[in-house]
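>>> got a predicted model here, sequence first, then my questions.
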Amino acid sequence: MISMVPIAKLERGFYQRDAITVARELLGCILVHRVGRKVLRARIVETEAYVGQHDLACHATKGRTQRNAIMFGPGGYAYVYFIYGMYDMLNAVTGLEGDAQAVLIRAAEPQDGWQASLTGPGKLTRAMHITRKDNAADLYGDKLYIEPAIVRPQQILATPRIGVDYAGAWKDQPLRFVDAGSKALSRKIRGYPA
DNA sequence: TATAAGATCGCCT
DNA sequence: GGCGATCTTATAC
């Protein structure tokens, strides 16, 4: 007999904290997307924190626009945007209303025997069928949400964020977080214990 | 209306 | 390690 215990889901309060805390604690958690009759699940192993309007790498740094508007709302919603003419990026909005912070989900490990390469933000959204249509989705809803970690990372490494060389002093901030034990990621990730 | 650049990826050398 | 694909978004004219 299979246990009928309902699977927990991260609630709003989890997201309504600072992006760095949320980015670290999302490692090991299970991203879930229901698409049609399928349920795609993947264990998050890499994240990046974008910490607010003062962060020159954050999309909110030049103020509110049509694209980034969801970031200015309360934490617990998805911010999905299109980039490089090809890729959708998935973020979890964090913090309280008016504080534009978010966590970019960069990599995950497929669960339930599902085979896929989710090592990279563009590959992850493509394989999990997450698109701009999911922008502003409620992460406490039934379609796109995150479950608490079953296996927490044994060690977390911090490194500078990827692809933000334009961000002045902010490009060197250690705001990328990786589960050092992830087999899906390259073995030669260099970072600071965090 | 036009232009530049981007929170990437995969293929090339 | 470098580069092109590809097109939305933001900003400037």
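Received it, and whenever you're ready, just let me know what you need.
>>> give me the beta-bridge partners of residue A:193?
residue A:157 (DSSP bridges).
>>> burial of it, as a residue count?
Look at residue A:193: counted by other Cβ atoms under 10 Å, it has 8 neighbours. The way it works is simple: take the backbone N, C-alpha and C, and place the C-beta from them, glycine included.
>>> how close does it sit to residue A:177?
According to Cβ to Cβ, to the nearest Å, residue A:193 stands 11 Å off from residue A:177.
>>> low-confidence regions, chain A specifically.
Applying pLDDT under 70 to chain A picks out residues A:1-6, A:187-188.
>>> in it, which spans are strands?
A:30-35, A:38-50, A:78-83, A:87-94, A:101-110, A:144-147, A:156-159, A:176-179, A:192-193 (DSSP state E).
>>> and these: which comes nearest DNA strand C?
strand A:78-83 (4.5 Å; Cβ to the nearest atom of the strand).
>>> what touches both of residue A:193 and residue A:177?
A:156, A:157, A:158 (Cβ atoms under 8 Å, 6 or more residues apart in numbering).
>>> what's across from residue A:177 in the sheet?
residue A:47, residue A:158.
>>> who touches it in this structure?
A:23, A:24, A:27, A:46, A:47, A:48, A:49, A:156, A:157, A:158, A:194 are the contacts of residue A:177 under Cβ under 8 Å, 6+ apart.
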